[in-house]
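Asks: I would like the atomic coordinates for the input below:
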Amino acid sequence: MRTPIEFGHKVFLAESAHGLITQYEVLNGNPSDENHVAPSLARHRQAFGRAPDLYGSDRGFFSERNLASCQHDGVKVVCIPQRGGQKTAQREAFEKSAAFKQGQRFRAGIEGRI
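Replies: Here you go, the predicted model:
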């Protein structure tokens, strides 16, 4: 008889501004985080009829395509830190802005509430 798996599953979660889990998915294997942005925006739009005001995540979700997808969908504040490469002065200033830092604090809070 096999021992049940207790650890090692990757889970995608999305949370509302009020702290409610609005999306969850237990993922197969260890897929790249950056593949989840567009589908999560589509699920949010389907559930709430509009794009989220804030999209906050860790740097694993960063890609220029994902930033463009968020902006195209109407996300007001996109708080995805740039991973790797040289940051432009504009990007550096944005990541030091109060709005970006507030979005990252919200994102970090979901991990504490799980």
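Asks: okay, which residue is most central for this protein?
Replies: When Cα atoms, centre = their mean is applied to the chain, the residue found nearest the centroid is residue 57 (3.3 Å).
Asks: tell me what the helix ranked longest in the chain is packed against?
Replies: When the chain is parsed with DSSP state H, its longest helix is helix 98-113. If contacts are counted by 3 or more Cβ pairs under 8 Å, 6 or more residues apart in numbering; DSSP states H and E, helix 98-113 sits against strand 10-15, strand 54-56, strand 77-79. Every C-beta, even on glycine, is put in place using the N, C-alpha and C of the backbone.
Asks: Show me how far the one helix or strand in the chain whose mean pLDDT sits lowest is from its chain's centre.
Replies: In the chain, the helix or strand scored least confidently by mean pLDDT, DSSP states H and E is helix 98-113, which has a mean of 82. Centroid displacement of helix 98-113 relative to its chain, using Cα atoms, centre = their mean, to the nearest Å, is 11 Å.
Asks: same deal with stretch 89-109?
Replies: For stretch 89-109, the distance to the chain centre is 13 Å (Cα atoms, centre = their mean).
Asks: One more: stretch 69-81?
Replies: Stretch 69-81 has its C-alpha centroid displaced from the chain centroid by 10 Å (Cα atoms, centre = their mean).
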